[in-house]
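S.K.: my questions concern the predicted model and sequence given below.
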Amino acid sequence: MADPVQVHLVAAGKYHDIDFARLELLKLFAEEPRIRASVAMSYADLDRLQRCAALVTYTCDLVPSPEETVAIRAWLERGGRWLALHGTNSILRFLASGLVDSPAERDDVMEILGTQFVAHPPIGPFRVHVEAPDDPLVAGEEDFEVVDELYLSRHLAPITTLLSARFAGEAPGFVVSSWPETRVPILYRRRLGQGEVVYCTLGHCRSHHDVPELLPFWPHPERCAWNYPVFYRLLRRGLRWAIGALD
């Protein structure tokens, strides 16, 4: 009988339906009987992390403190695996001008993750290209179209891109709004010592009460990639990778 695998989920932050994402991820955890999960709303429980093989995060505008970042990096370099989803690499500031800034103020975190979110065009359809068809995280998948936020990011470390998209145009509402033709990583790997980060930028979700800064009641809930079977296949593979069952 296989031994249990300890997994720590951090699901918290702003501007998203975190409750929905947390529940969907826990449902996927429950498909693997070996997973013994803990759930948190911050990165503070470092003692728990040290006992875990994997960290899974769905956050927005929530980053570990400098001290927590040092501990997470050391945990990764010893062999930990971090499955980072959607807004994990975001820092957002609403300016008096009405624009949203993504300041480069926590490169210690973003260098671990490999990228930092900068902007996204309005939610809409885009084509996702499979760049590494032999990688077990995407093996058997074909190029697909999805409606989601297309994350435009700055790069801080070497990454291995498995899924990508292309974009040129405007990201209205953000400080960095004009983008030339850009290859956009959608799913990638980032090695650190004996460990690794796998980052998937898909998975925006929003419900009625998640952006009071913009509207007290958001009229149309958004589920984006969560509406697509391919996203759940990617999540399941990511979780299997995180617990060492996809190597």
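M.R.: Yes, it's here. Numbering: from 1, shown residues only.

S.K.: going by C-alpha atoms from here, please, whenever you check contacts or count neighbours.
M.R.: OK.

S.K.: stretch 90-102: how far from the chain's middle?
M.R.: Chain-centre distance of stretch 90-102: 20 Å, with C-alpha atoms, centre = their mean, to the nearest Å.

S.K.: what's it in contact with?
M.R.: 60-63, 103, 116-119, 173-176 (C-alpha atoms under 8 Å, 6 or more residues apart in numbering).

S.K.: list the buried ones in the longest strand seen in the chain?
M.R.: Counting by DSSP state E, the longest strand found in the chain is strand 178-192. With burial defined by 16 or more other C-alpha atoms under 10 Å, the residues of strand 178-192 counted as buried are 184-192.

S.K.: same check on stretch 152-167?
M.R.: Buried residues in stretch 152-167, counting neighbours by 16+ other C-alpha under 10 Å, are found at 152-153, 156, 159, 161-165, 167.

S.K.: how far away from the center of its chain is that stretch?
M.R.: Centroid separation between stretch 152-167 and its chain, computed with C-alpha atoms, centre = their mean, is 13 Å.

S.K.: end-to-end on it?
M.R.: Terminal residues of stretch 152-167 lie 9 Å apart, using C-alpha to C-alpha, to the nearest Å.

S.K.: strand partners of the longest strand of the chain, parallel vs antiparallel please.
M.R.: In the sheet, strand 178-192 lines up against strand 160-170 (antiparallel), strand 195-200 (antiparallel) (DSSP bridges).

S.K.: so for stretch 97-108, what gets flagged as buried?
M.R.: 100-102, 106, 108.

S.K.: name the strands paired with the helix or strand bottoming out on mean pLDDT in the chain and say parallel or antiparallel.
M.R.: Every helix and strand in the chain was compared by mean pLDDT, DSSP states H and E; the lowest is strand 93-94, with a mean of 94. The pairing partners recorded for strand 93-94 under DSSP bridges are strand 100-101 (antiparallel).

S.K.: just the mean pLDDT for the strand it pairs with, thanks.
M.R.: For strand 100-101, mean pLDDT rounds to 97.

S.K.: can you check stretch 204-221 too?
M.R.: Averaging pLDDT along stretch 204-221 yields 89.

S.K.: going forward can the numbers begin at 35, since that is how I track them
M.R.: Okay, residue one is now 35; in that scheme the one you just asked about reads as stretch 238-255.

S.K.: just the residues contacting that stretch, thanks.
M.R.: Residues from elsewhere that reach stretch 238-255 (C-alpha under 8 Å, 6+ apart): 48-52, 54-55, 120, 182-183, 256-260.

S.K.: thinking again about what came up before, would you mind listing the two of the contacts of stretch 124-136 that lie farthest apart?
M.R.: V97 and G207 (22.5 Å; C-alpha to C-alpha).

S.K.: ok, back up a step: let's see if you can find the most crowded of the contacts of stretch 124-136.
M.R.: A153 (27 neighbours; other C-alpha atoms under 10 Å).

S.K.: tell me the contacts of the nearest residue to that residue once chain neighbours are set aside?
M.R.: Nearest non-adjacent residue to A153, counting by C-alpha to C-alpha, 6 or more residues apart in numbering: L186, 5.3 Å away. L186 is in contact with 151-154, 218, counting by C-alpha under 8 Å, 6+ apart.

S.K.: what about L186, distance to G207?
M.R.: 13 Å.

S.K.: so for this protein, the centremost residue is which one?
M.R.: Geometric centre of the chain, nearest residue: L119, 1.7 Å, by C-alpha atoms, centre = their mean.

S.K.: next, the contact list for that residue, please.
M.R.: 90-93, 233-237.

S.K.: one more: T149?
M.R.: 123, 187-191.

S.K.: relative to P170, which of those residues is nearest.
M.R.: Among the contacts of T149, and counting by C-alpha to C-alpha, the member closest to P170 is A191, at 22.3 Å.
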